[in-house]
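Engineer: Give me the fold of what follows.
(2 chains)
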Amino acid sequence: MATHIELAQPAAAPALAPRLSALDEVLNFVRKKPLGAAGALIIVAMLAAAALAGSVTPYDPYQADYAAQFARPGAEHWFGTDEFGRDVLTRILHGARIALFVGFTASLAGCTIGGVLGAVSAFLGGKVDLLLERLMDVLLAFPQLILALAVASILGPAVQNVVVAVAIPIIPRAARVVRATALSVKENVYVEAVSALGATRRRVIVQHILPNVVAPYIIMVTAQLAGAILAEAALSYLGLGAAEPTPSWGLMLSGSASAYAEKAPWIGLFPGIAISLAVFGFNLFGDSLRDALDPKLRGR
Amino acid sequence: MRTYVAKRLLLIVPTLLGVAALVFFIMRVIPGDVTLLILGGDQAGRIDPAQIAAMKHQLGLDQPLLTQFGTWLWGVLRFDFGRSLWTGEPVTQELLIRLPLSLELALLASMVSVILAIPLGMLAAVRQDTWVDYVVRVVSIGGLAIPSFWIGILCILLLVIYFGWGPPLEFTPPWVDPWANFQQMVWPVVTVGYRYAAVTTRMTRSTVLEVLREDYIRTAWAKGLRERVVVVRHALKNAMLPVITLVGTEFAFLIGGLVVTETVFTLNGVGRFVVDAVAHRDYPVVQALVFLIAFAFVVVNLLVDLTYAWFDPRIRYR
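Structural biologist: Alright, predicted model coming up:
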């Protein structure tokens, strides 16, 4: 017969500071973290580009137009055209969809799988922990590029398959972070206290430990997002990611961009700027997010 | 400490065994038959099956997979990585031709990164939220964001247009002709070094920031020490540990991760070698390279952890 002890329900949090309106919050963020705000702006612009890709320019990202080959950047084609006469701006706008898709799915999948493995490792401990840790070690030591090569050879070069190649190397990193955080949270006195009060294992994990692991998880997803966009570009550049005629930014930089670099430098210039800006934006935003969520750095 | 080192050394074994098994079986799962590739590429259909069987037998590919794996592992233990299926040369010899280039590139890039990153990161931390900090942060995030292959392309483009310079095809080791070697390596080093320095700068900044909030730093200020002494003597010393880790792991990662840079600058290094080997299904070469890269990674990691234990007396290992 289990004794039932009523755990104190969390009382409504006392109002410590007057609630700020959403607009004030945003203004506050801009004032305190100008770089983070700049990053957020770039992300919003990228989301807008992805959403409106079809309606901003009158051109088709796939349709070749041999009458307009190698057009210089101008009023008609702002960023010029490539060797097939396709509008570079249109292709970059459509490329934002691919970058965001690969970035979000790979980073979410990698961090979630890794996070679950890390948490399991921390809570079960013993042999499971030892085995999972070795598995993560193997994944960490395995060169990412060979993995991507293998994935591309087995599944074929395509956008969905790049997600797999980009997500796998994220798993061991995420597992490490979450395992370390969970282990240290587990040792806290308040966890011992609720356990002593008779809270079930499930309750301890869901109500008391999980909330403390969420912040590092969010920081990790944002940080890995930028890396994932860059990895997709690199793999597509090497011909292991998206295949022609997909408007992937990395792919736009390979082959034709170098072949026609002297004749039409804009083919390679603008996609490179797009990649850099996107990764830049997510990194800036992720940094400020970390500063805001990390209690060690808060209040400065 | 001694038991800790022994335990860590023991744990290397299953990790490397796992990597060896993973690369071995991944290579066999990849579609594409190396014997067909060697015998005739596209007209594979018209090749005499007897010829294929003979070639398979000659290369030892007709044996059961586990036997092949066992033979290979036994060879690795004796530092014998077998022979390339294509050239018939020992893999070690093929590797030694290409290793100096990649090693030089990785070493120079880490040197550039450490020399730039530690002062810049420290400066940004000490002057947090001023324009100095913002400039350092923007420049370093730029290093993370700008793809190294794109910088490489831009470098080559500018050099070709303005100086009529093209990347040389053959590697000149520094001990043969230092000037030719410098000309060849400077742009790849800049390209790789910028990214590397960016990562290190950020790490230095954030660890120095954390250390600056410690109690003993307040004590140092209270004693009336000058800023330079507080920052360099007291803070920097303790902030260096995570930075050492990062430089170490990045270096291990670099040895295998130079593929993109080597492709852009048409350098014949280890990275290119491994990609070509995968394309040719040259199993022994891929297996040897992945194994060695993983080995370097594991060993550097171990050394980094041991330096930790050495430098920080608070860390006690079981």
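
Engineer: what number of residues lie near A:F101?
Structural biologist: Applying other Cβ atoms under 10 Å in any protein chain shown, we find 16 residues neighbouring A:F101. From N, CA and C alone the C-beta is placed, and that goes for glycine too.

Engineer: Same check on A:A259?
Structural biologist: Neighbours of A:A259 (other Cβ under 10 Å): 13.

Engineer: Find the nearest non-adjacent residue to it, please.
Structural biologist: A:E83 (8.0 Å; Cβ to Cβ, 6 or more residues apart in numbering or on different chains).

Engineer: near chain B, anything from stretch A:158-171?
Structural biologist: No - using Cβ under 8 Å from any Cβ of the partner chain, stretch A:158-171 never reaches chain B; the gap is at least 10.6 Å.

Engineer: Other residues contacting that stretch?
Structural biologist: A:98, A:101-102, A:105-107, A:109-111, A:113-114, A:117, A:136, A:139, A:144, A:147-148, A:151-152, A:155, A:224, A:227-228, A:231-232, A:235-236, A:240-243, A:246, A:248 (Cβ atoms under 8 Å, 6 or more residues apart in numbering or on different chains).

Engineer: So which of the residues you listed sit within helices?
Structural biologist: When DSSP state H defines the helices, the subset of the contacts of stretch A:158-171 inside them is A:98, A:101-102, A:105-107, A:109-111, A:113-114, A:117, A:136, A:139, A:144, A:147-148, A:151-152, A:155, A:224, A:227-228, A:231-232, A:235-236.

Engineer: if we look at chain B, which of the residues you listed are close to it?
Structural biologist: When contact is defined as Cβ under 8 Å from any Cβ, the ones in helices among the contacts of stretch A:158-171 meet chain B at A:Q144, A:L147.

Engineer: What does B:R83 show for phi and psi?
Structural biologist: Dihedral angles of B:R83 (phi, psi; degrees, to the nearest 10) stand at phi -110, psi 150.

Engineer: That one is in contact with B:E94, isn't it?
Structural biologist: No - assessed by Cβ atoms under 8 Å, B:R83 is found out of contact with B:E94, at 9.0 Å.

Engineer: With neighbour numbers in mind, choose between these two.
Structural biologist: Set side by side, B:R83 and B:E94 show more neighbours around B:E94, with 22 against 19, by other Cβ under 10 Å.

Engineer: That one contacts B:T87, doesn't it?
Structural biologist: Yes - between B:E94 and B:T87 there is a contact at 6.8 Å, judged by Cβ under 8 Å.

Engineer: Strands of chain A, start to end?
Structural biologist: Shown for chain A, no strands are assigned by DSSP state E.

Engineer: so where's it shaky on pLDDT?
Structural biologist: Residue ranges of chain A with pLDDT under 70: A:1-20, A:255-258, A:261, A:294-300.

Engineer: in chain A, which spans are helices?
Structural biologist: Under DSSP H, chain A gives helices at A:22-32, A:34-56, A:88-124, A:126-141, A:144-155, A:159-186, A:189-196, A:201-203, A:210-237, A:249-253, A:256-259, A:266-293.

Engineer: so, in contact with chain B or not, the first one?
Structural biologist: In this case it means helix A:22-32. No - legend: contact between helix A:22-32 and chain B by Cβ under 8 Å from any Cβ is lacking; minimum distance shown is 9.0 Å.

Engineer: how far is that helix from where the chain is centred?
Structural biologist: 24 Å (Cα atoms, centre = their mean, to the nearest Å).

Engineer: Output it in CSV with nothing but the alpha carbons.
Structural biologist: Coordinates of the C-alpha atoms in helix A:22-32 are reproduced here as CSV (Å, rounded to 0.1, in the frame of the first residue of the first chain):
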residue,chain,number,x,y,z
ALA,A,22,4.9,42.3,-26.7
LEU,A,23,6.0,45.4,-28.4
ASP,A,24,8.0,46.5,-25.3
GLU,A,25,9.6,43.1,-25.1
VAL,A,26,10.7,43.4,-28.7
LEU,A,27,12.1,46.9,-28.2
ASN,A,28,13.9,45.8,-25.1
PHE,A,29,15.5,42.9,-27.0
VAL,A,30,16.6,45.2,-29.8
ARG,A,31,18.1,47.7,-27.3
LYS,A,32,19.9,45.1,-25.3
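
Engineer: which residues touch residue 286?
Structural biologist: This is for chain A. Residues in contact with A:G286 (Cβ under 8 Å, 6+ apart) are A:G39, A:I219, A:T222, A:A223, A:L225, A:A226.

Engineer: Correction: the question concerned chain B.
Structural biologist: Contact partners of B:V286, counting by Cβ under 8 Å, 6+ apart, are A:I146, B:V23, B:M27, B:V274, B:A277, B:V278.

Engineer: just to revisit the earlier point, tell me which of the helices of chain A is the most buried.
Structural biologist: Mean neighbours per residue, mean count of other Cβ atoms under 10 Å in any protein chain shown, is largest over the helices of chain A for helix A:249-253, with a mean of 29.

Engineer: who are the neighbours of it, in terms of helices and strands?
Structural biologist: If you count contacts as 3 or more Cβ pairs under 8 Å, 6 or more residues apart in numbering or on different chains; DSSP states H and E, helix A:249-253 packs onto helix A:88-124, helix A:210-237, helix A:266-293, helix B:148-163.

Engineer: Which positions in the shortest one come out as buried?
Structural biologist: This means helix B:148-163. By 16 or more other Cβ atoms under 10 Å in any protein chain shown, the buried positions in helix B:148-163 come out as B:S148, B:F149, B:W150, B:I151, B:G152, B:I153, B:L154, B:C155, B:I156, B:L157.

Engineer: Show the contacting residues for the spatially most central residue of chain A.
Structural biologist: The residue lying closest to the centre of chain A (Cα atoms, centre = their mean) is A:L225, at 1.5 Å. By Cβ under 8 Å, 6+ apart, A:L225 lies in contact with A:G103, A:F104, A:S107, A:F282, A:G286.

Engineer: what would the helices and strands packed on helix A:249-253 look like in JSON lines with distance to B:V186?
Structural biologist: Formatted as JSON lines, those follow (distance: least, Cβ to Cβ, whole Å):
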{"stretch": "helix A:88-124", "distance to B:V186": "31"}
{"stretch": "helix A:210-237", "distance to B:V186": "22"}
{"stretch": "helix A:266-293", "distance to B:V186": "21"}
{"stretch": "helix B:148-163", "distance to B:V186": "10"}
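
Engineer: For B:V136, find the nearest of those helices.
Structural biologist: helix A:266-293 (12.5 Å; Cβ to Cβ).

Engineer: Now do the SS call for the residue nearest the centre of chain B.
Structural biologist: By Cα atoms, centre = their mean, chain B has its centre lying nearest to B:L254, at 1.9 Å. Of the three states, B:L254 takes helix under DSSP: H, G, I helix; E, B strand; the rest coil.

Engineer: Which pLDDT value goes with it?
Structural biologist: Predicted confidence (pLDDT) at B:L254: the value is 75.

Engineer: hmm, back to that, kindly state which of the helices and strands packed on helix A:249-253 is positioned closest to B:T261.
Structural biologist: Ranking the helices and strands packed on helix A:249-253 by proximity to B:T261 (Cβ to Cβ) places helix B:148-163 first, at 5.8 Å.
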